[in-house]
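below is the sequence, then the predicted model.
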Amino acid sequence: MSFSKIIATGSYLPTGVVTNYDLAKMVDTSHDWIYSRTGIEQRHIAHSDETTCDLAEQAVYAAMESGRFDATDIDLIVVATTTADQVFPSTACILQERLGIRNSPAFDVQAVCAGFLYAIDIADKFIRTNCANRALVIGAETFSRIIDWTDRTTCVLFGDGAGVVVLEASGTPGIHSTHLRANGAYKDLLSVPVGVSRNFDQVINGSAYTQMQGGEVFKIAVKCMEQIAVEALEANEAAVDQVDWMIPHQANTRIITATAKRLGIPMEKVIVTINQHGNTSAASIPLALDTAVRDGRIKTGDTILIEGFGGGFTWGSAFLTF
Ligand code: ACO
C-alpha cells in the first residue's frame, strides 16, 4: 500500500507588516486589548496588487530550495483558499501555469480556516490510491480583502500569507490518518454572506466583509478541536505523550491554550505563530509548520498532530510522522 509523506515545506509572508499600534490609529482599539484577547502582536498584509496566487507561488519557490523536488515532478496541485484570485479559473490552475506544470489535476478547496486539512486529506487519498505521486498542498490567503478595516471586532484578527507542503508517495507513513467534519447549521456564526450568486453588487463595490459572532465561535471551536484531536489519537492508538508537536489553526492564543489544556498537551509542544502572523485562515497551519521546520524545532521522524477549525463550521485533524 502507498502512503503519503511530507518531503518539503515552504511559506511566504507579504512584506507589509501592520502592528497592533498601527491598528490603534485606524480603529478604537489598543495593543493591550488585542494582545490580551488574542495573542496577536502583528500581521502581514499583502500589497494592493499582490494576489493569493502570488503568495502561493513564492511559498512553492521557498519549498523548492530544499532541492527535494522540481516543478516537473508535480502531478497534483490542491490549493486551499477562501480568497481566490478570480471566480475562475481556480488559483491552482493559475499557479500550475506559472510553475510550468502541464496536465496535472489542479483545483481549489474551500473550507475557510480548515481548508488546509481538507486539502491534505484529498491529496493523501490521491496518493494512497496511486492517482498521484507528488502533490503540492497549499494554503494561501489574502484574507485582508474580505475584512472591513473600520470594524474593530474583526480587523484586528486576520492576516495574509501562504504555506505549502509537498507530499510524495512512500512505503511508510507519513500521514497516518486524517479526520474531517462540517456542520452547516453554524453557517451564520462566521461568514462573508455575499458572493457570485447572492448580492454580487457588494462584491463589486468592495463591501464583502467577514462577519463573526466571536464568543460563540470561540466556545464551539474549542470543543470541536478537542473532539477531532481525540479522534486522531484514538484512530492511531496513540497516547498524548507520543505527540512531539501539536500544530493548531492559529485563530486565537486562548483557543489554542484551552484546546491544549483539555488534551493534556503542554504548551512547549504546541507551535504558536499567531503572535507574528495573526489568523491567516487556510494558510495558518502550513505557515506554522514551515516556521517550526526552519527554526529547527520540528525534525524528521517527529510525530505531529494537526487540527483546524473554520467557517461553515468545518474542522479536521491529521496525525503524521514528519
Ligand atoms: N478593541 C477594543 N475593544 C474591542 C475590540 C477591539 N478590537 N473588539 C471588541 N471590543 C469590545 C467589544 O465591543 C466589547 O465591548 P462591550 O463589552 O462594551 O460590548 C468587549 O470588547 C468584549 O467583546 P467580546 O466580543 O466579548 O470579546 P471576547 O473576549 O469574546 O474576544 C474575540 C473577542 C477575540 C473575537 C474572541 O471572541 C475570539 O477570538 N473568538 C474566536 C474568533 C475566531 O476564532 N475566529 C476565527 C475562526 S477561523 C475562520 O474560519 C475565519
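Great, that's in hand.

around the ligand, pick out the residues from this protein.
Taking Cβ under 6 Å from any ligand atom as the contact definition, the chain meets the ligand at 29, 33-34, 37-38, 112-113, 152-153, 156, 190, 212, 214-215, 217-218, 221, 251-252, 255, 279, 281, 310-311. Heads up, the C-betas are built off the backbone N, CA and C, glycines and all.

name the helix or strand of the chain that has the lowest mean pLDDT.
When each helix and strand of the chain is scored by mean pLDDT, DSSP states H and E, helix 200-204 comes last, with a mean of 90.

if any of the residues of the chain next to the ligand are buried, give me the ChimeraX selection for them.
This is the ChimeraX syntax for the buried subset of the residues of the chain next to the ligand, where burial follows 16 or more other Cβ atoms under 10 Å:
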select :29,34,37,38,112,113,152,156,190,212,214,217,218,221,251,252,255,279,281,310,311
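
take the residues of the chain next to the ligand and keep only those in helices.
33-34, 37-38, 152-153, 214-215, 217-218, 221, 255 (DSSP state H).

Throw these into CSV and include pLDDT, thanks.
Shown next, in CSV, are these (pLDDT from 0 to 100):
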residue, pLDDT
33, 98
34, 98
37, 96
38, 97
152, 97
153, 96
214, 94
215, 94
217, 96
218, 94
221, 95
255, 95
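
tabulate these (a markdown table), appending distance to residue 140.
Shown next, in a markdown table, are these (distance: Cβ to Cβ, whole Å):
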| residue | distance to residue 140 |
| --- | --- |
| 33 | 29 |
| 34 | 24 |
| 37 | 27 |
| 38 | 22 |
| 152 | 26 |
| 153 | 25 |
| 214 | 24 |
| 215 | 29 |
| 217 | 22 |
| 218 | 25 |
| 221 | 22 |
| 255 | 22 |
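
between those, which is nearest the ligand?
Among those, residue 214 lies closest to the ligand (Cβ to the nearest ligand atom), at 2.9 Å.

quick check: the closest one touching residue 151?
No - taking contacts as Cβ atoms under 8 Å, residue 214 lies outside contact range of residue 151: 11.4 Å.

rewinding a little: list the buried residues for the least confident helix or strand of the chain?
Neighbour-count burial for helix 200-204, counted by 16+ other Cβ under 10 Å, picks out residue 203.

got the domain ranges for this protein?
With domains defined by automatic domain parsing, the chain comprises 3-172, 177-321.

can you give me the end-to-end span of the longest one?
Start-to-end span of domain 3-172 (Cα to Cα, to the nearest Å) is 6 Å.

give the contact list for residue 90.
Residue 90 makes contacts with 79, 84, 106-108, as judged by Cβ atoms under 8 Å, 6 or more residues apart in numbering.

quickly check these for the two that are furthest apart.
By the measure Cβ to Cβ, 84 and 106 form the most distant pair in the contacts of residue 90, at 12.6 Å.

quick one: the helices in this protein?
Counting by DSSP H, the chain has helices at residues 20-24, 31-38, 52-64, 91-99, 115-128, 152-155, 200-204, 214-235, 253-263, 274-277, 284-294.

take those and lay them out in a markdown table including distance to residue 45.
Converted to a markdown table, the helices of the chain look like this (distance: least, Cβ to Cβ, whole Å):
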| stretch | distance to residue 45 |
| --- | --- |
| helix 20-24 | 10 |
| helix 31-38 | 15 |
| helix 52-64 | 11 |
| helix 91-99 | 19 |
| helix 115-128 | 20 |
| helix 152-155 | 10 |
| helix 200-204 | 20 |
| helix 214-235 | 21 |
| helix 253-263 | 20 |
| helix 274-277 | 11 |
| helix 284-294 | 14 |
